[in-house]
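Mind looking at a prediction? Sequence and model below.
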Amino acid sequence: MAFRPQPPLDESALRTAALDHLARRSDSEAGLARALARRVQRAIRAGRSRLADPDGAIAAVVADLAAKGLLSDRRYAEGRAAHLVRRGRSRMAILADLSARGVARDDVDAALADLGEREPDIERAAAVAYARRRRLGPWRDAAARKAKRLADLAALARAGFPGALCRWIVDAPTPDHCLNPDPDSLP
């Protein structure tokens, strides 16, 4: 295989790299800026950068894509929050994850509110998904269930779920009780 030299990195190549990045995965404005900064740093080390002001070029590309609606922190927060709920993450964990990814607090709050409107009890759904995935409470072997009760409660609490919800899940008689709860038994 022959060595193929990389083309120089200019504003056009930076915009193409940003669009390629967004075609592969959804990202926040800060996440795209970090990815572009890594690309610029690699180009500078290789001596192929033609950017006079790399930080300004990155900011301009990100701002342009956001203005055109191709990049939206709000849309990213909604998709990421829904994914994290399905994975069993609490509201606190979702807030921490999105904040670490550079999404503004008002976008996170709006995403969680929108998700809460579509699915009224997202915290319970996330806690049940977490317990099922980790085999806690009613998903644990019946012989070890009583001995592991405190460990199960601690695991759910460390994941950021409220105490009443943790006890409700761990003390549920069967997994079906958690998956299809009686409205009167909810915490």
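That came through, no problem. If you're wondering where the values come from, they're calculated on a predicted model, not measured in any experiment.

Low-confidence ranges, the protein, go.
Low-confidence regions of the chain, defined by pLDDT under 70, span residues 1-2, 183-187.

ok, which stretches of it are helices?
11-24, 29-46, 54-67, 73-86, 91-100, 105-118, 122-134, 142-145, 149-158, 163-170, 175-179 (DSSP state H).

domains of this structure?
Following automatic domain parsing, the chain resolves into domains at 11-67, 73-118, 122-185.

which residue sits closest to residue 126, ignoring its sequence neighbours?
residue 85 (4.7 Å; CB to CB, 6 or more residues apart in numbering). No exception for glycine: its C-beta is placed from N, CA and C like everyone else's.

just residue 10 next, same as before
residue 50 (4.3 Å).

pretty sure that neighbour is touching residue 14, no?
No. Using CB atoms under 8 Å, residue 50 is not in contact with residue 14; the gap is 9.8 Å.

So which of those two has more stuff around it?
residue 14 (22 against 14; other CB atoms under 10 Å).

and that one, what is it in contact with?
36, 39-40, 51, 57-58, 61 (CB atoms under 8 Å, 6 or more residues apart in numbering).

ok, 7 Å please
Residue 14 makes contact with 36, 57, 61, according to CB atoms under 7 Å, 6 or more residues apart in numbering.

same thing with residue 134?
Shown in contact with residue 134 (CB under 7 Å, 6+ apart): residue 155.

can you do 10 Å?
88, 140, 152, 155-156, 159 (CB atoms under 10 Å, 6 or more residues apart in numbering).

what separates it from residue 127, distance-wise?
Using CB to CB, to the nearest Å, residue 134 is found at 11 Å from residue 127.

Now do the shared contacts for the two.
Common neighbours of residue 134 and residue 127 (CB under 10 Å, 6+ apart) are 88, 156, 159.

State the number of residues packed around the closest residue to the second one other than its chain neighbours.
It refers to residue 156. Sequence neighbours aside, residue 166 is the residue nearest to residue 156 in space, at 4.0 Å (criterion: CB to CB, 6+ apart). Neighbours of residue 166 under the rule other CB under 10 Å: 23.

Kindly report the same for residue 141.
Residue 141, neighbours per other CB under 10 Å, totals 8.

Ok, residue 77 next?
Here the count is done by other CB under 10 Å, and residue 77 has 26 residues near it.

The closest residue to residue 35 other than its chain neighbours: what's it in contact with?
Among residues not flanking residue 35 along the chain, residue 21 sits closest, at 5.4 Å (CB to CB, 6+ apart). Residue 21 makes contact with 27, 31-32, 35-36, 39, 71, according to CB under 10 Å, 6+ apart.

Pick out the most distant pair among the residues you listed.
Pairwise distances across these peak at 16.0 Å for 39 and 71 (criterion: CB to CB).

ok, residue 8 to residue 151 distance?
57 Å.
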